[in-house]
Structures are given as structure tokens and as C-alpha cells.
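In: how would this look folded up:
(one chain, ligands or ions: 1)
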Amino acid sequence: MMINSKIFNIGDYRRKQLDSQLDEFTSVDADFYNFENQEGLKIRLNAYENALKDMEKWFLNNEGVAILDGTSSTRSHRKWLLERLRRLHIEPIFIESFSDDKDLEKLNINALIKSSPDKKDFDFYEEKIKNYIKFYESMNEYNDEKDYTFVKLMKKADGMEQAVINKVQSYLESKIIFYVMNLNYLNPSKVIWLSRHGESVYNVEKKIGGDSKLSERGLLYAKKLPQLLKEQGFDENNQMSAWTSTLVRTNETAQFLPFDQILPWRALNELDAGLCDGMTYEEIEEKYPEDFKERDDDKFEYRYKGGESYKDVVLRVEPVMMELERQSNVLIITHQAVLRCIYAYFMNIPQDQSPWVAIPLHTLIKLEVRPYGACKVSLIKANIPAVSTYKEKGTSNVGEDVSNKSNSSRSLLADTN
Ligand SMILES: O=P(O)(O)OC[C@H]1O[C@@](CO)(OP(=O)(O)O)[C@@H](O)[C@@H]1O
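Out: Predicted structure coming up:
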């Protein structure tokens with residue numbers, strides 16, 4: 001949403017603190033979360049103090065949204081926190097998520113075991129939750145919190161889903177609430193599949209933009225795509241949908257998929273190259289040398305004459321990202337620039353670097369999204385030759401066939417978090 005933001009995770013501060021106190025880090029046990037455990041309470045308050053100090057420093061140089069990621073499940077803690085924040089002239093929104101659904105609890109714990117830096121033990125998390133519940137005071141039940149800005153999201157085992165929103169006072173707050181209401185916050189793990197369209201006639205001719213058909217090799221990729229998904233364990237009984245752009249090359253790539261739903265989105269169309277649409281990079285360099293350089297210097301912000309910038313694309317794909325937050329088992333077939341934006345969102349890649357991520361043709365990308373921001377990437381190569389459409393900074397060369405080169409410096413970072 002183009003809003004600068006930073007996460008301050010209380011668990012990280014707690015771990016840092018304990019790490020320095022102990023010779024070898026041993027994670028806390030579940031009793032640490034018992035509010036009668038004075039030692040545990042002290043350590044956690046201290047972690048909050050340290051996070052707030054860093055947050056204050058961050059706000060000196062940044063405008064935006066700081067996310068204080070910690071549990072504030074009692075009225076007294078929230079009161080303490082609110083006072084501390086107001087002293088720093090920071091106005092908080094509290095976010096509460098509530099569920100009494102045991103199946104969801106299990107799902108969450110199992111996901112945590114995979115990716116949390118704390119104990120990898122089911123009983124530990126069950127015990128920790130029990131300790132929290134003992135002292136839990138929900139936000140909308142107490143009059144003394146009527147002036148707090150908060151959103152409480154509820155998902156009950158009986159199927160009831162509700163949101164309570166209190167005292168929203170600014171545009172930014174309403175944007176944040178819109179965002180969190182769209183998050184599938186209680187279902188922590190999911191798989192998203194990404195792919196560029198098959199090689200297009202324009203890709204072969206080194207032209208950008210346009211609305212050309214697939215090349216012969218591109219069509220081979222389209223035919224192979226269902227098999228690639230199957231080999232990855234995609235189960236035809238699972239409800240799976242593909243989202244494409246409205247352009248011919250992505251629709252042709254999706255044509256052999258045995259899915260119930262294939263949904264074309266205009267928002268997934270390729271970055272609009274405006275006056276340069278249909279040209280090669282060499283032609284652009286020759287005809288508009290200043291623009292060509294300007295784009296290389298700041299590719300994220302540069303807007304083609306009569307066209308778009310990467311920044312414009314990020315804003316335009318927002319509805320797709322919001323919908324994606326709710327979904328799992330979606331295959332998105334789109335274009336080089338749009339895929340970079342989507343990939344950067346999940347992989348936390350800084351804006352200025354995102355337009356330079358190499359996303360090769362004829363490669364299926366599997367993203368396993370997990371809590372703690374960890375995301376596992378696997379690249380599944382179709383082994384069908386294709387040109388490269390990657391343009392290095394400072395040159396106008398593209399077109400080399402890189403489909404069989406693995407681990408080249410240009411390939412997208414695999415298996416990072
Ligand atoms: O931002 P750069 O690196 O120019 O990449 C975007 C370009 O990628 C291309 C291919 O060169 O996309 P596409 O995936 O639709 O084939 C162009 O149409 C588009 O202008």
C-alpha cells in the first residue's frame with residue numbers, strides 16, 4: 001500500500017535478552033507465560049521497553065506504521081502500553097484476534113512448530129496458550145477501553161465470524177483495519193503457485209509489452225504445466241484456481257489446466273510501457289536515451305511516458321494481493337514485472353531491489369507461506385528452452401537462452417526465507 005512499515009517483534013527482543021544472559025540459549029518453558037511468574041513478566045516488560053526504544057528511534061527518521069508484535073492480553077498491560085506510547089506521541093491501534101476453534105489451534109501450533117525459533121514442541125504451545133487464557137481480558141468487554149482504537153476479529157468454532165471496530169479516527173487507521181480484516185490470520189500456512197506465461201512471440205523478438213501469442217516453445221510449456229503441478233503433489237481433488245491477466249499469452253498458458261476456475265484479472269496485466277510498448281530495449285535506448293538511463297537509475301519509481309512504473313503496478317495489484325491473502329492453492333500466471341511485485345511482497349524484498357529480481361520463463365514457483373514471515377521457495381523447471389528477457393542494468397541486451405542454466409547469478413533466490 002506504499003506505507004512505510006516496520007515490525008518490532010517482542011519475541012525477538014526477549015530472545016536477544018535471554019541470549020545475552022545465558023551461556024547457551026535455552027528457550028523459555030510454558031510457565032514463562034504464566035502471569036503469576038514475576039520473573040517471566042519482568043523479562044517481557046523489559047523486552048517491550050527495548051522494542052519501544054527502537055521504535056522511537058525508527059519514528060525519528062520514518063513516517064509510517066510500526067507494528068509492535070507481541071501479546072497484550074490484559075487490560076493492565078494495554079493501559080501501561082498506551083501510556084508509554086502516548087508519551088512518545090505514537091497513537092496505537094490494538095488488534096485482537098479471537099478463536100475458540102480447537103482445529104484451528106492445532107493448525108496454528110503445527111505451523112509454529114515448523115517455523116518458530118522457540119521450542120519445537122506441541123505441548124509447550126498448548127500449555128502457553130492455556131496460561132494466556134487464564135488471564136485473558138478481551139478488548140470490547142470493558143468500558144475503560146471504550147476510547148481505545150481497536151479492531152477485534154472473531155472466528156468461532158460454531159461458524160460465527162465477526163469484527164468489532166472501535167474509534168477509528170483517521171484514513172490511515174481505516175486502511176490498516178481494511179488490511180487486517182482481509183488477512184487470513186488464523187490459517188497460517190498455505191501454498192501459492194506462481195508462473196510467468198510461456199515464452200511469447202514478442203519475447204523471442206526481444207520486444208516488450210504488446211499482446212502477442214505464445215511461441216511454439218511457450219505452447220509446449222502450457223501443455224506441460226498440468227503435469228508439473230501434478231508432480232508437485234497437486235491433488236486434482238483439491239479446489240484449485242488459476243488467475244491470469246487478460247492478455248493472450250497468459251490465457252494461452254492456462255488453457256490446458258484442469259481447474260474449476262480460471263479467472264482473468266486486468267490488475268495482473270503487464271506493466272504498461274506506454275510509448276515504448278512494442279519496442280526492443282535497444283530501440284528504446286536509441287530513441288529515448290535519457291529515459292533509458294533514468295529507468296536503470298531508479299527502476300522502481302520510473303514511469304514510462306504514457307505508461308506505468310513498478311510503483312504503479314504495486315498499487316494496482318493491491319486487490320489481487322488482498323484476495324490472495326484469503327486463498328490457498330492458487331496458481332497465478334502473469335508477467336515478468338507483475339510477478340516481481342508479488343514475489344517481493346511474500347519474500348520481503350525491498351522496493352528498490354524488486355524490479356531486478358530474475359524470474360525465468362518456463363519455471364513454476366512454489367511458495368509455501370508460513371507464520372513468522374518465513375516463506376519457502378522452490379523452483380520447478382520445465383526444462384523447455386526459452387529466451388531470457390532479463391535486462392541487466394546498463395545494457396540493452398536480452399535474449400540469451402538461460403533455461404538450462406541453474407544457479408546463475410540472475411536466478412531468483414531459492415529456499416530463502
Ligand atoms: O521491467 P522490465 O525488466 O523491463 O520487465 C518488464 C518487461 O517484461 C516483459 C518481457 O520482456 O514482460 P512479459 O513477462 O509480459 O513478457 C515485457 O513485456 C515487460 O515490459
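
In: Tabulate the CA atom coordinates of the helix or strand of the chain with the lowest mean pLDDT in CSV.
Out: When the helices and strands of the chain are scored by mean pLDDT, DSSP states H and E, helix 10-21 comes last with a mean of 80. Coordinates of each C-alpha in helix 10-21 appear next as CSV, following Å, rounded to 0.1, in the frame of the first residue of the first chain:
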residue,chain,number,x,y,z
ILE,A,10,8.7,-8.8,21.2
GLY,A,11,9.7,-12.5,21.0
ASP,A,12,12.9,-11.3,19.2
TYR,A,13,13.7,-8.8,21.9
ARG,A,14,13.0,-11.4,24.6
ARG,A,15,15.3,-13.9,22.9
LYS,A,16,18.1,-11.3,22.4
GLN,A,17,17.9,-10.5,26.1
LEU,A,18,17.9,-14.1,27.3
ASP,A,19,20.6,-14.9,24.8
SER,A,20,22.9,-12.4,26.4
GLN,A,21,22.1,-13.7,29.9
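
In: what's the spacing between that helix and its chain's center?
Out: 26 Å (Cα atoms, centre = their mean, to the nearest Å).

In: Flag every buried residue along that helix.
Out: Ile10, Gly11, Asp12, Tyr13, Arg14, Arg15, Leu18 (16 or more other Cβ atoms under 10 Å). Just so you know, the C-beta spots here come from the backbone N, C-alpha and C atoms, and that holds for glycine as well.

In: hang on, the last one packs against Lys42?
Out: This points to Leu18. No. Leu18 is beyond contact range of Lys42, at 11.9 Å (criterion: Cβ atoms under 8 Å).

In: May I see the buried residues of stretch 209-216?
Out: Gly209, Gly210, Ser212, Leu214, Ser215.

In: Please determine how far the fourth one is located from Val338.
Out: The one in question is Leu214. 17 Å (Cβ to Cβ, to the nearest Å).

In: still on that earlier bit, tell me the one of the buried residues of stretch 209-216 nearest Ser170?
Out: Gly209 (38.9 Å; Cβ to Cβ).

In: Please report phi then psi for the closest one.
Out: Torsion angles at Gly209 (phi, psi; degrees, to the nearest 10) stand at phi 70, psi -140.

In: give the contact list for it.
Out: Tyr202, Glu270, Asp272, Ala273, Cys276, Asp277, Gly278 (Cβ atoms under 8 Å, 6 or more residues apart in numbering).

In: Okay, domains of the protein per the record?
Out: 5-182, 190-381 (automatic domain parsing).

In: what's the span of the longest one, first residue to last?
Out: Across its full length, domain 190-381 reaches 21 Å between end residues, using Cα to Cα, to the nearest Å.

In: Can you tell me the closest non-neighbouring residue to Asp144?
Out: Ranked by Cβ to Cβ, 6 or more residues apart in numbering and with sequence neighbours excluded, the top spatial neighbour of Asp144 is Arg75, at 6.8 Å.

In: where's the one you found relative to Lys175, distance?
Out: 27 Å.

In: The ligand contacts on the stretch 51-200 of the chain?
Out: Within the stretch 51-200 of the chain, the residues that sit near the ligand (Cβ under 6 Å from any ligand atom) are Arg196, Ser200.

In: What ranges in the stretch 51-200 of the chain fall below the confidence cut-off?
Out: The model of the stretch 51-200 of the chain has pLDDT under 70 over residues 185-188.

In: Now with 80, please.
Out: Residue ranges of the stretch 51-200 of the chain with pLDDT under 80: 111-112, 114-120, 140-142, 184-189.

In: need the strands for it, in chain order.
Out: 65-69, 94-99, 150-155, 161-166, 190-196 (DSSP state E, counting those that start in this stretch).

In: ranges for the strands of the stretch 201-350 of the chain?
Out: 241-244, 261-264, 330-334.

In: is the ligand contacted by the last one?
Out: No. In terms of Cβ under 6 Å from any ligand atom, no part of strand 330-334 sits within range of the ligand; the closest distance is 7.7 Å.

In: Pull the distance from that strand to the chain's centre.
Out: 15 Å.

In: what pairs with it, and is each one parallel or antiparallel?
Out: strand 190-196 (parallel), strand 241-244 (parallel) (DSSP bridges).

In: circling back to that earlier point, can I get the buried residues of helix 10-21 in TSV including distance to the ligand?
Out: Conversion of the buried residues of helix 10-21 to TSV gives the following (distance: Cβ to the nearest ligand atom, whole Å):
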residue	distance to the ligand
Ile10	39
Gly11	37
Asp12	35
Tyr13	39
Arg14	42
Arg15	39
Leu18	45
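
In: ok, Trp191 - contacts?
Out: Actually, residue 191 is Val rather than Trp. Here Val191 is in contact with Ser328, Asn329, Lys366, Leu367, Glu368, Val369 (Cβ under 8 Å, 6+ apart).

In: one step back: please identify the deepest-packed of the domains of the chain.
Out: domain 190-381 (a mean of 18; mean count of other Cβ atoms under 10 Å).

In: where's the residue nearest to Ile93 when sequence neighbours are not counted relative to Ile165, distance?
Out: For Ile93, ignoring the flanking residues on the chain, the nearest one in space by Cβ to Cβ, 6+ apart is Thr149 at 4.8 Å. Computed as Cβ to Cβ, the Thr149 to Ile165 distance reads 9 Å.

In: likewise Val387?
Out: 50 Å.

In: can you give me the helices in the stretch 151-300 of the chain?
Out: Along the stretch 151-300 of the chain, the segments classed as helices by DSSP state H, counting those that start in this stretch run 171-182, 201-204, 216-231, 248-254, 281-287, 289-297.

In: next one: the stretch 301-417 of the chain
Out: 310-316, 318-326, 336-347.

In: Reformat those as TSV; add mean pLDDT and distance to Arg303.
Out: Shown next, in TSV, are the helices of the stretch 301-417 of the chain (pLDDT from 0 to 100; distance: least, Cβ to Cβ, whole Å):
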stretch	mean pLDDT	distance to Arg303
helix 310-316	97	7
helix 318-326	90	18
helix 336-347	95	12
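
In: how about Lys6, what does it touch?
Out: So Lys6 contacts Trp58, Asn62, Gly64, Ala66, Ile67 (Cβ under 8 Å, 6+ apart).

In: Geometric centre of this protein: which residue is closest?
Out: Phe346 (2.8 Å; Cα atoms, centre = their mean).

In: That residue and Cys375 touch, don't they?
Out: Yes. Using Cβ under 8 Å, Phe346 is in contact with Cys375, at 5.2 Å.

In: can you narrow the buried residues of stretch 209-216 to ones near the ligand?
Out: Okay, of these touching the ligand (Cβ under 6 Å from any ligand atom), that's Gly209.
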